[in-house]
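Trainee: quick one, structure for this:
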Amino acid sequence: MEAFFSGQYSARGWSYESLKNFRQISPAVQNHLKLVCAFIPVDFPVYLTLCSALVSAAAGVYLHILFNVGGTLTMLGCFLGISVISMTPPYAEKKRFGLLMGTALLQGASIGPLFEVILNLDSRIILNGLVGTSLAFACFSGAAIVAKRREFLYLGGFLSAFLSVLLWMQFASTIFGQNATMFNVELYLGLLVFLGYIVFDTQVIIEKAHRGDLDYVKHALTLFTDFVAIAVRILIIMGGVAALPSLARGGES
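Mentor: So this is what the prediction gives:
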């Protein structure tokens, strides 16, 4: 800790001088992020890996709709997969890539019940929600890429604080019960927090890549969790809005 504040942490650690360095990302880091690769799944860049994980998650949603497999077990399996990926050495690329696809599949199955409910309500909501999520993700992640290095890393403290508030709100809701106002606050505040995490995590990934950490599987997993968290909240918001007219008609009858 003393070494950190003295600016002499280590060659790979943080220092005050390094925090003031806002050099643009290098070509090597740009290639780490771009959608280009020669062999699959070797040398897989971050965003192409992310797209593969999203396709796997979509397959998980489809499996739930067909066989009703999503639930607590798939969610626990998803958490276990994330832990195994973190403990697997980075050089085992094919194994970690397969684990990521399996984890994304389980994540998709876990959120499958939400998609099933929205499909019964209005299938167009899913397309609109996913398109909106993709546009939001592209805009916020793109803004982090073209910005100066470490320009948005200060958001980490604020986002962590708001995330803690969300966790305490959910904890309080389980004890005292949840009303509509509390649910909406959690929903919209959570959406803003994870939009901020897209910017923050993208810049963290860029900084790690500059420091030699080209673990594209772990980086894609980070962005994948942000994407899913935003998509779920957008779909809930749009699904709730779409349900209002039907509820009003039901009240009139």
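
Trainee: how about the helices in the stretch 151-253 of the chain?
Mentor: 155-176, 180-210, 216-252 (DSSP state H, counting those that start in this stretch).

Trainee: let me see the mean pLDDT of the last one.
Mentor: By that I understand helix 216-252. For helix 216-252, the mean pLDDT works out to 79.

Trainee: repeat for the first one
Mentor: In this model, helix 155-176 has an average pLDDT of 90.

Trainee: name the residues of that helix that are buried.
Mentor: 155, 159, 162, 163, 166, 169 (16 or more other Cβ atoms under 10 Å). For every residue, glycine as well, the C-beta is placed using N, CA and C.

Trainee: and that helix, what does it pack against?
Mentor: Secondary-structure packing of helix 155-176 (3 or more Cβ pairs under 8 Å, 6 or more residues apart in numbering; DSSP states H and E): helix 180-210.

Trainee: ok now the helix it packs on, how far from the chain's centre?
Mentor: 8 Å (Cα atoms, centre = their mean, to the nearest Å).

Trainee: also stretch 90-108?
Mentor: Offset of stretch 90-108 from its chain centre (Cα atoms, centre = their mean): 15 Å.

Trainee: where does pLDDT dip in this protein?
Mentor: 1-44, 241-253 (pLDDT under 70).

Trainee: try it again with 50
Mentor: By pLDDT under 50, the weakly predicted segments of the chain are 1-23, 35-43, 244, 246-253.

Trainee: need the residue closest to the centroid of it.
Mentor: In the chain, the residue lying closest to the centroid (Cα atoms, centre = their mean) is residue 226, at 1.4 Å.

Trainee: my guess is that one meets residue 198, correct?
Mentor: Yes: the criterion here is Cβ atoms under 8 Å, and residue 226 meets it with residue 198 at 5.1 Å.

Trainee: which neighbours do the two have in common?
Mentor: residue 137 (Cβ atoms under 8 Å, 6 or more residues apart in numbering).

Trainee: would you list the phi and psi of residue 79?
Mentor: phi -60, psi -40 (degrees, to the nearest 10).

Trainee: can we start the residue count at 55 from this point?
Mentor: In the new numbering, first residue 55, that becomes residue 133.

Trainee: what's the burial count for it?
Mentor: With neighbours defined by other Cβ atoms under 10 Å, the count for residue 133 comes to 13.

Trainee: ditto for the one 4 residues further on
Mentor: By the criterion of other Cβ under 10 Å, residue 137 has 11 neighbours.

Trainee: that one in helix, strand or coil?
Mentor: Secondary structure for residue 137, judged by DSSP: H, G, I helix; E, B strand; the rest coil, is helix.

Trainee: give me the distance between it and residue 287.
Mentor: As judged by Cβ to Cβ, to the nearest Å, residue 137 and residue 287 stand 24 Å apart.

Trainee: strands of the stretch 55-204 of the chain, start to end?
Mentor: Using DSSP state E, counting those that start in this stretch, the stretch 55-204 of the chain contains no strands.

Trainee: where along it do the helices fall?
Mentor: Under DSSP H, counting those that start in this stretch, the stretch 55-204 of the chain gives helices at 56-59, 70-73, 81-87, 100-121, 126-141, 147-164, 166-175, 178-200.

Trainee: hmm, back to that, just give me the closest of the buried residues of helix 209-230 to residue 264.
Mentor: The nearest member of those to residue 264, counting by Cβ to Cβ, is residue 209 at 18.3 Å.

Trainee: residues contacting the closest one?
Mentor: Residue 209 is in contact with 250, 253, 254, counting by Cβ under 8 Å, 6+ apart.

Trainee: ChimeraX command for the buried members of those residues?
Mentor: Of the contacts of residue 209, the buried ones can be selected in ChimeraX as follows, counting by 16+ other Cβ under 10 Å:
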select :250,253,254
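
Trainee: out of the contacts of residue 209, which is nearest to residue 196?
Mentor: For these, with residue 196 as the reference and Cβ to Cβ as the criterion, the closest is residue 253, at 9.8 Å.
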